[in-house]
Each structure stands twice: as C-alpha cells, then as structure tokens.
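Q: Here's my sequence, what's the structure:
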Amino acid sequence: MRRQIETIIWDWNGTMLDDLELCIATINHLLRERNIPELDPVRYRREFGFPVKDYYERIGFDFKKEPFDIPARQFIDLYEKGMYDCRLFSDVKPILTRLKSIGYSQLVLSAMEKSKLIATLRHNKILGYFDHISGLEDHYAHSKLENGKRLLVELNLNPAATCLIGDTLHDLEVAEAMGIQAFLVAYGHQDEDRLRKSGANVVRDLQEFVAFLS
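A: Presented below is the predicted three-dimensional model:
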C-alpha cells in the first residue's frame, strides 16, 4: 500500500468503541431524574456535541438550578459502571493489525480521562497497537484540542503526513487546529448528515477509511 500518511491519530469513543447505546441510556437516566424528555437515538446523534456543557443545555439541563459538575459527575459514574461491557466495532482490531503491519504509527487522542482511557484500551486488548495515548486530565470532557496541538510538538509529527479519524465535528475542529487531514465515521455519536454538511471526509466504515489511505 503506497501512502503519504505516516501517522494515524484515532479517536476512541464512537470511532473504535461502540458505546452509543450506553451513552444514550446514561444521559436518559439523568434526564428522567430531572423530568426532562428523554432522547431517542436519532435526536441524540443530532444533538450530541462538544463542549459537553453546551450539549447538556440544548437537551434541557438548566444550570441556573444546578451546576454543570453535578450531572457531569453523575454521567461519568454511571458510564464507568457499563463501559467495560461495550465492545469494539467489529472491524477495528483487524484494521489496527493491518495498519500496524504495514508500518503506520498509530496514536489515540480522546476526550476521556487518561487513566480510564488506558484501562479500556487494555481491557479491549488493543493498547499495544498504539505508540502514544493522549487523554484528558479530568473527567469533564471539555476539549481535546490543546492535547492535539501538544502531540504535534512533543512527538515532532509532520502535519502533512498525519491524519485523524473520529466521529464528531469536534474531531474535525481538532484536526483543523492541528493542520492535519480529518476523516469522520458516519456510525458514531453524530449523524451522517451533520458530518457531511461540514465538508469533512466522511466514511461509512473503516474499510472505506483504509481505502482513502491507499
């Protein structure tokens, strides 16, 4: 396989880890407690985004009644009880294996707290595929943009030879801030229509992503 890309930066939730049902069930638990209408998968994928606080406000949370930290902490506590039951998307491990065998450097850049991120990668038996893991220093998923820019400097990455694969418009924002190419998968936490309207490279599955690399 000929390539210009040398380094692939992977998002985790919704790109490699299929945690969509868990996230919907978890946010609906919080909404029920506050007598706010629950989300079906269609509305969830239409509304979800970063910053997470803005997404919470869009779906009905009122931070004049309670601080954001309360539902944010509750979400994390509930999510962590179920996250080890979430599976990788079926083609993730074969594609990680293939790309590693060809010689790509693979990294993870996630809005998940770093120690939990490493634990879930290890649990899913894919930690060894990655040359570097970047997660946030706290649980509140504000942004991974600064961590992305820091990766370029600390690892001396060539932006022209680096791409990011994710599932949200925030991943596109991060890639653009880093000056690298982005690919967004259409099966994750944001719906395909939203992604395509951004003008990003949108792929329906990871096989299509690999084809883009050729």
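
Q: how about stretch 15-34: buried residues?
A: 15-20, 22-24, 26-28, 30-31 (16 or more other C-beta atoms under 10 Å). In short, each C-beta sits where N, CA and C put it, glycine included.

Q: Stretch 149-165 too?
A: For stretch 149-165, using 16+ other C-beta under 10 Å, the buried residues are 151, 152, 155, 157, 162, 163, 164, 165.

Q: which one of the buried residues of stretch 15-34 sits closest to residue 92?
A: Nearest to residue 92 among those, counting by C-beta to C-beta, is residue 16 at 4.8 Å.

Q: I'd like the distance between the closest one and residue 153.
A: Going from residue 16 to residue 153 by C-beta to C-beta, to the nearest Å gives 25 Å.

Q: top strand in the chain by residue count?
A: In the chain, taking DSSP state E as the definition, the longest strand is strand 105-113.

Q: Counting by contacts, list what whichever helix or strand comes after that strand packs against.
A: Downstream of strand 105-113, the next assigned helix or strand under DSSP states H and E is helix 114-123. Other elements packing on helix 114-123 under the criterion 3 or more C-beta pairs under 8 Å, 6 or more residues apart in numbering; DSSP states H and E are strand 105-113, strand 132-136.

Q: mind redoing it with 6 Å?
A: Helix 114-123 sits against strand 132-136, with contacts defined as 3 or more C-beta pairs under 6 Å, 6 or more residues apart in numbering; DSSP states H and E.

Q: related to what we said a few turns ago, looking at the buried residues of stretch 15-34, which are in strands?
A: 17, 18.

Q: Check whether residue 164 really touches residue 181, as I assumed.
A: No: taking contacts as C-beta atoms under 6 Å, residue 164 lies outside contact range of residue 181: 7.4 Å.

Q: who's in contact with residue 184?
A: Applying C-beta atoms under 6 Å, 6 or more residues apart in numbering, we find residue 184 in contact with 166, 195, 200, 202.

Q: what does residue 24 give?
A: By C-beta under 6 Å, 6+ apart, the contact set of residue 24 is residue 44.
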